[in-house]
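S.K.: Quick one: sequence and predicted model below, then my questions.
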Amino acid sequence: MPAVRGDGMRGLAVFISDIRNCKSKENEVKRINKELANIRSKFKGDKTLDGYQKKKYVCKLLFIFLLGHDIDFGHMEAVNLLSSNKYTEKQIGYLFISVLVNTNSDLIKLIVQNIKNDLNSRNPVHVNLALQCIANIGSKEMAEAFGHDIPKLLVSGETMDVVKQSAALCLLRLFRTNPDIIPGGEWTSRIIHLLNDQHLGVVTAASSLIEALVKLNPDEYKGCVSLAVSRLSRIITASYTDLQDYTYYFVPAPWLSVKLLRLLQHYPPPEDPGVRGRLNECLDAILNKAQEPPKSKKVQHSNAKNAVLFEAISIIIHSDSEAALLVRACNQLGQFLSHRETNLRYLALETMCLLATSEFSHEAVKKHQETVINSLKTERDVSVRQRAVDLLYAMCDRTNAEQIVHEMLNYLESADYSIREEMVLKVAILAEKYAGDYTWYVDVILNLIRIAGDYVSEEVWYRVIQIVVNREDVQGYAAKTVFEALQAPACHENMVKVGGYILGEFGNLIAGDKRSAPQVQFQLLHSKYHLCSASTRALLLTTYIKFINLFPEIKTEIQNILKCDSNLRCSDAELQQRASEYLHLSLVTSTDVLATVLEEMPPFAEKESSILAVLKKKSGRMSAQEAHKEARAAGGAGGAAAAVAAGAVKNSTNDKNAKNSSADLFGISTPPVNSQNNSSSNTGVLVDVLGDLYSSSNNSSMPSVATNGTNSASPATLTSGVTDNIKKFVCKNNGVLYENDIIQIGVKSEFRQNLGRIGVFYGNKTSMPLQGFLPSVSISSADSGRVSVQVKPVESTIEAGAQVQQFVNCECIDHFEDLPEMLVCFTYGSVPQRLSLKLPLSINKFFEPTDMNGESFFARWKNLSSPSQESQQIFKTTCPMESGSIRTKVMGFGMQILEGIDPNPENFVCAGILHTRTQQIGCLMRLEPNRQAQMYRLTIRASKDGTAKILCNLLSQQF
């Protein structure tokens, strides 16, 4: 609150002083209660209170509220202050309303009217106060009340610059609440041309607004590119003396420069050669200024200068088309790698990770390899060391892979525990990707297990086994190496798993050496047996039975081990069963049969490594880097969003590969490490069980998802690869309801009489978490009271690649027609998403199939002869008229097919009882296909008026 001369509010100062001087909480409450009683009496009894006194008492109430006490009066007096012409009184009134009045208050209409009066005022101070209040409240009600006034105020030629600034920021706040508030058409160009405003404050505020609008609809606002480049050029080429009011420590308009550069990153490089050349000149000038000696030694100067520089480098990386600029940016960042400021070193390493993905700058990044390795060894801040690991991973190729892997292995022994697991994954990926000689790969993975066995996931040691099994040239070397590794006094359990599997398959390749004779191999493995977990012991038992086949000379010794009580009477059922079955297998089968059963494992199917998918789940940073790379390749408006979507599809594929690759190689049912990992591997298991019954033409005519107006996401995010299967769920209960590049929504439901339970599965297909996840279900007003749904809560965050489940309990009270609305809201990559779907809950779900003979059917058919009890439709088919698919759909509809009743065997006659809370509705149906005319006649009769028409409309859409 600005101090105003002669208006110090001494009473408020005394009250605050009294509160501060209170020795206990009780004294403070007592003083506050006394003051509240005094204020209440003043407001009720003294009708002569002037504006100053009202302001003072309202300020006291506001202070009491900020101390944590409830305030239940004084609101009307605060509203009265809005009518004052004095700035301080109006200011306090608006402040009180912004903090204490909620949108459901009875006073809201009066407040809105006062705000409108101030918006129409000629006093810019009053207009600003009103705009600030609207923005502070920022509710949907405010957006509806002032959504038409503020855009007019913003683009009006009569509006003062200071008001335009506030109007732009206020509109931005309301836009985040309600994206529909910004009108299109001619308003678009008028808002864009605010970038040409003479007042830099207006341009700064407008650029924030335009960036938010561009995220929602990049195509409509693409005209801002040339204006943004033009304004940026004027700022960069200006001297700091030219923009004195907006120069911050000798840097001209740094915040505006950063905003404009960020705005340009939402679009591909400009196609116009003039605009593109001008932008490149600006970027070149920014890089040149970075080389100049600093004009001030103060940290504010370097911060402002570097903020603009890093944003310029970001747009150079985003464009990925100017080789000279990319190399210059890399060299500039290389200088920061040795800077004394930790934040600069961090940002330099992080940005160089992105540069390393470009073909133009990859070699330039590699020149800094030694500096990065040195920072990995000497850096004190663990977050900077993490970025150094990321950069080494990004710059690795065939020429430097062995050196980088060697350095990362050396560092792994002393690495911070928080980054070890990610380092293990990266080393494993690099070793496999760039292995010229697979003996080197085997050495690297075994070293990984030796150095950081606790952090080696199952995917890593599964993968090394797959490669060894598939490559005969390394099988002998792997057996010899793992045998030597097992001889260490302290041997990690993962090493025992790898050793058990490889020696069980290829131990015969090294059995000729006395030092690794069959007896020695067996005793070496068995010495680790009692130190291992149940899953590892189960694997070793499988190795022992393999040894009986490979080395008959130690058969008796192994049988004695299998016979011992610790195995045959083990409390673990899996170990007991294996020991018993393997023992009997070795006793009763002949040598030939045993050799056939225990023959060497065939090669695994070649598939992409699952380790990369695991790494993406562990580190959101990697997916962000790949999204940048995809964005450059995608090009076009909204390219970044499309790239993220493309990355999501790619990651989904990797997840499926991960699921296949990490299959239980040894038949051991090892429980998952945690439920999150378990759920993440199930994102692709929802199957469209009736997909083959519906042609593509049917799919194209499905009701589309409401993405316009109610959807806050970029169009590229939600329209790519969208599948909405609501139509199919009339005749089935399980399957994929909706799918796009970000999310997969599946349904599994069950019904009994008039009750049902629908399980809705939400699968995150991307490598970034979905936050603020909030699904809701609503019933249309027409069906209110006819069907009830109860939605169970669901977690607000779905981790990358994970799946969560939500249950919806439902009850049919009376017949209903409309499907319940299902609204799914969440945030992906800081962009709000909104999906408007239909819940697959139709009246036929509550059918109970009923069997009856022909006589009963025709008697009941005749009884249901009232026009309101019958509905008939004749329609042309939209898909092949195959008896099998027709039968499947009719049965899926829920009624019993009555065989042999209709004289025409091509016709389908059905019966069922529809269960509601109030009554049971008998239903009969006759479906007559005419294959020559490619048409159907569908007739349904029901005991309740209006039910037949609803059912007829539902079923006719399936053909």
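M.R.: That came in fine, so what should we check first?

S.K.: For burial, what's the neighbour tally of the residue nearest to Ile317 when sequence neighbours are not counted?
M.R.: Nearest-residue entry for Ile317: Leu354, 4.9 Å, with adjacent residues in sequence omitted and distances by C-beta to C-beta, 6 or more residues apart in numbering. The C-beta positions use only the backbone N, C-alpha and C, and glycine is treated the same way. For Leu354, the neighbour count with other C-beta atoms under 10 Å is 24.

S.K.: go on, Ser590?
M.R.: Around Ser590 there are 8 other residues, counting by other C-beta under 10 Å.

S.K.: phi, psi of the residue nearest the centre of the chain?
M.R.: Closest to where the C-alpha atoms of the chain average out (C-alpha atoms, centre = their mean) is Leu770, at 2.8 Å. Its backbone dihedrals place Leu770 at phi -100, psi 120, with angles given as degrees, to the nearest 10.

S.K.: I'd guessed it sits against Asn764; true?
M.R.: Yes - with contacts defined as C-beta atoms under 8 Å, Leu770 counts as touching Asn764 at a distance of 5.2 Å.

S.K.: what is in contact with those two at once?
M.R.: For the pair Leu770 and Asn764, residues contacting each of them under the criterion C-beta atoms under 8 Å, 6 or more residues apart in numbering are 742-743, 798.

S.K.: bridging residues for the residue nearest to the centre of the chain?
M.R.: According to DSSP bridges, Ile798, Tyr828 are recorded as the beta-bridge partners of Leu770.

S.K.: what about the stretch 701-850 of the chain, any weak spots by pLDDT?
M.R.: With pLDDT under 70 as the threshold, the stretch 701-850 of the chain has low-confidence stretches at 701-724.

S.K.: do the stretch 851-959 of the chain as well
M.R.: Judged by pLDDT under 70, the stretch 851-959 of the chain has no weakly predicted residues.

S.K.: what ranges do the strands span in it?
M.R.: With strands called from DSSP state E, counting those that start in this stretch, the stretch 851-959 of the chain shows them at 870-876, 896-897, 908-915, 920-930, 935-942.

S.K.: Now do the residue nearest to Leu819 when sequence neighbours are not counted: how many residues are near it, please.
M.R.: If you skip the residues right next to it in sequence, Leu819 has Lys838 as its closest partner in space, 4.1 Å away by C-beta to C-beta, 6+ apart. By the criterion of other C-beta under 10 Å, Lys838 has 20 neighbours.

S.K.: all helices for the stretch 101-250 of the chain, in order.
M.R.: Using DSSP state H, counting those that start in this stretch, the helices of the stretch 101-250 of the chain run over residues 108-119, 124-137, 140-146, 149-155, 161-177, 186-192, 200-216, 224-237.

S.K.: Any stretches of this protein with poor pLDDT?
M.R.: Where the chain drops to pLDDT under 70, the residues are 1-8, 103, 240-242, 607-609, 612-613, 616-724.

S.K.: let's go with 50 and repeat that
M.R.: Counting by pLDDT under 50, the chain shows low-confidence ranges at 1-6, 621-721.

S.K.: ok, the closest residue to Ser868 other than its chain neighbours - contacts?
M.R.: In this structure, Ser868 finds its nearest non-sequential neighbour in Asp945, 4.0 Å apart by C-beta to C-beta, 6+ apart. Contact criterion C-beta under 8 Å, 6+ apart gives 866, 868-869 as the residues in contact with Asp945.

S.K.: And Asp945, how far from Glu870?
M.R.: The gap separating Asp945 from Glu870 is 10 Å, by C-beta to C-beta, to the nearest Å.

S.K.: Surely Lys732 is in a helix?
M.R.: No - using DSSP: H, G, I helix; E, B strand; the rest coil, the assignment for Lys732 is coil, not a helix.

S.K.: hang on, it packs against Gly892?
M.R.: Yes - under the criterion of C-beta under 8 Å, Lys732 is in contact with Gly892, at a separation of 5.2 Å.

S.K.: Stretch 416-429: which residues count as buried?
M.R.: Burial within stretch 416-429, assessed by neighbour count using 16 or more other C-beta atoms under 10 Å, is assigned to 419-429.

S.K.: Please apply the same query to stretch 293-301.
M.R.: Using 16+ other C-beta under 10 Å as the test for burial, stretch 293-301 gives His301.

S.K.: and the end-to-end length of that stretch?
M.R.: When the termini of stretch 293-301 are compared using C-alpha to C-alpha, to the nearest Å, they are 12 Å apart.

S.K.: so what's the residue nearest to Ile726 when sequence neighbours are not counted bridging to?
M.R.: Nearest residue to Ile726 in three dimensions, chain neighbours excluded: Lys838, at 4.8 Å (C-beta to C-beta, 6+ apart). According to DSSP bridges, Glu821 are recorded as the beta-bridge partners of Lys838.

S.K.: quick one: Lys838 and Lys727 touch, right?
M.R.: No - with contacts counted by C-beta under 8 Å, Lys838 stays clear of Lys727, the gap being 9.4 Å.

S.K.: downstream neighbour of the strand or helix carrying the residue nearest to Ile317 in the secondary structure list?
M.R.: Leu354 is part of helix 342-355, with elements assigned from DSSP states H and E. If you walk from helix 342-355 toward the C-terminus, the next helix or strand you reach (DSSP H and E) is helix 362-366.

S.K.: So which bits of that next one are buried?
M.R.: Taking 16+ other C-beta under 10 Å as the neighbour-count basis, helix 362-366 is seen to contain the buried residues 362, 364-366.

S.K.: now, which of those sits nearest Cys22?
M.R.: Distance to Cys22 across these (C-beta to C-beta) is lowest for Val365, with 61.9 Å.

S.K.: if I look at the residue nearest to Arg420 when sequence neighbours are not counted, how far off is Gly51?
M.R.: Nearest residue to Arg420 in three dimensions, chain neighbours excluded: Tyr455, at 4.5 Å (C-beta to C-beta, 6+ apart). Applying C-beta to C-beta, the value for Tyr455 to Gly51 is 69 Å.

S.K.: just Ser41 next, same as before
M.R.: From Ser41 over to Gly51 (counting by C-beta to C-beta), the distance is 19 Å.

S.K.: Looking at these two now, which is surrounded by more residues?
M.R.: Gly51 (18 against 10).

S.K.: Was I right to think the more buried one contacts Ser84?
M.R.: Yes - assessed by C-beta under 8 Å, Gly51 is found in contact with Ser84 at 5.1 Å.

S.K.: what does whichever strand or helix holds Gln91 rub up against?
M.R.: Remark: Gln91 resides in helix 87-100, with elements defined by DSSP H and E. Applying C-beta under 8 Å, 6+ apart, the set of residues contacting helix 87-100 from outside is 1, 4, 7, 51-52, 54-55, 58-59, 61-62, 65-66, 71, 74-75, 78-82, 84, 111, 118, 125-126, 129-130, 132-133, 136-137.
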